[in-house]
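Participant: Fold the following and give me the result.
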Amino acid sequence: MDKTIRAEAAAYEGFRQLAKEYELSNPELLAAMVQYFRVTKADPRQPTGPDLTTSLAKLTAKLDQLDKRTIGFIREQEKAYLKPILTDVQALHQWATGPNDLTEPQLTDVEQWLTAVVRKGFKPEYRHPNLLSSAAPSYAALAELAPLRKVLTTVLGRELNPAQFIPRASTPTPAPATPPPPASTNPPA
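Facilitator: Numbers count the residues shown, from 1 in each chain. Coordinates of the predicted model:
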């Protein structure tokens, strides 16, 4: 059912020009205009109202600012947290899989400590006969090697036959203190 809309000549000519520009028929342009005003909530009486191009440009600028802030936040997190963690993990991996980086004094300390453990801890029949008369070496006991010594001690105790060890001398337990003699309940005569 077709309806007729009355318009002034200048308005009708402008309407036909718009229909021609957008390659729409007059009824199609009218339907598109109604839909446009419903969706955008623009007031057709205010031709200087919100310009979609300007609104879109503002929205795009705000998105760009948000994008820059988000990227800045991610970069800051990367600098503050991710890169140090990655450096630590890479160093740990290199330490665990790479060659031993002990210094010469540290290697000497470990060798002397292990020699002392073997000489003091193993029965003579399980040691090399040429070294039975030599004393256990003294070592510096470098503090940074304490964890290594602890691990080696645990491994030696776990992996070797206890029959090969010199038994530790038991520490004498102190005798219990003798109680004082009981006080006499008889009065002196």
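Participant: Mean confidence (pLDDT) on the longest helix along the chain, please.
Facilitator: Using DSSP state H, we find that the single longest helix of the chain is helix 52-77. Averaged across helix 52-77, pLDDT comes to 89.
Participant: how close does the nearest residue to Thr153 once chain neighbours are set aside get to Leu160?
Facilitator: In this structure, Thr153 finds its nearest non-sequential neighbour in Val117, 7.2 Å apart by CB to CB, 6 or more residues apart in numbering. To be clear about C-beta, it is placed using only N, CA and C from the backbone, and glycine gets the same treatment. Using CB to CB, to the nearest Å, Val117 is found at 11 Å from Leu160.
Participant: Thr60 now?
Facilitator: Distance of Thr60 to Leu160, computed by CB to CB: 74 Å.
Participant: before we move on, what about Lys79?
Facilitator: 50 Å.
Participant: Looking at Thr60 and Leu160, which one has more neighbours?
Facilitator: Set side by side, Thr60 and Leu160 show more neighbours around Leu160, with 14 against 10, by other CB atoms under 10 Å.
Participant: any idea how far the more buried one lies from Gly121?
Facilitator: According to CB to CB, Leu160 and Gly121 sit 9 Å apart.
Participant: mind listing the helices in the chain by residue range?
Facilitator: Taking DSSP H as the criterion, the chain carries its helices at 9-21, 26-40, 52-77, 83-97, 104-121, 146-159.
Participant: can you list contacts of the helix or strand of the chain with the lowest mean pLDDT?
Facilitator: Least confident element among the helices and strands of the chain, by mean pLDDT, DSSP states H and E: helix 146-159 (a mean of 76). With CB atoms under 8 Å, 6 or more residues apart in numbering as the contact definition, helix 146-159 has outside contacts at 110, 113-114, 117, 121.
Participant: Apply 10 Å and report the result again.
Facilitator: 102, 106, 109-110, 113-114, 117-118, 121-122, 139, 141-142, 145, 165 (CB atoms under 10 Å, 6 or more residues apart in numbering).
Participant: which of those residues count as buried?
Facilitator: Buried members of these, scored by 16 or more other CB atoms under 10 Å, are 106, 109-110, 113-114, 118, 121, 139, 142, 145.
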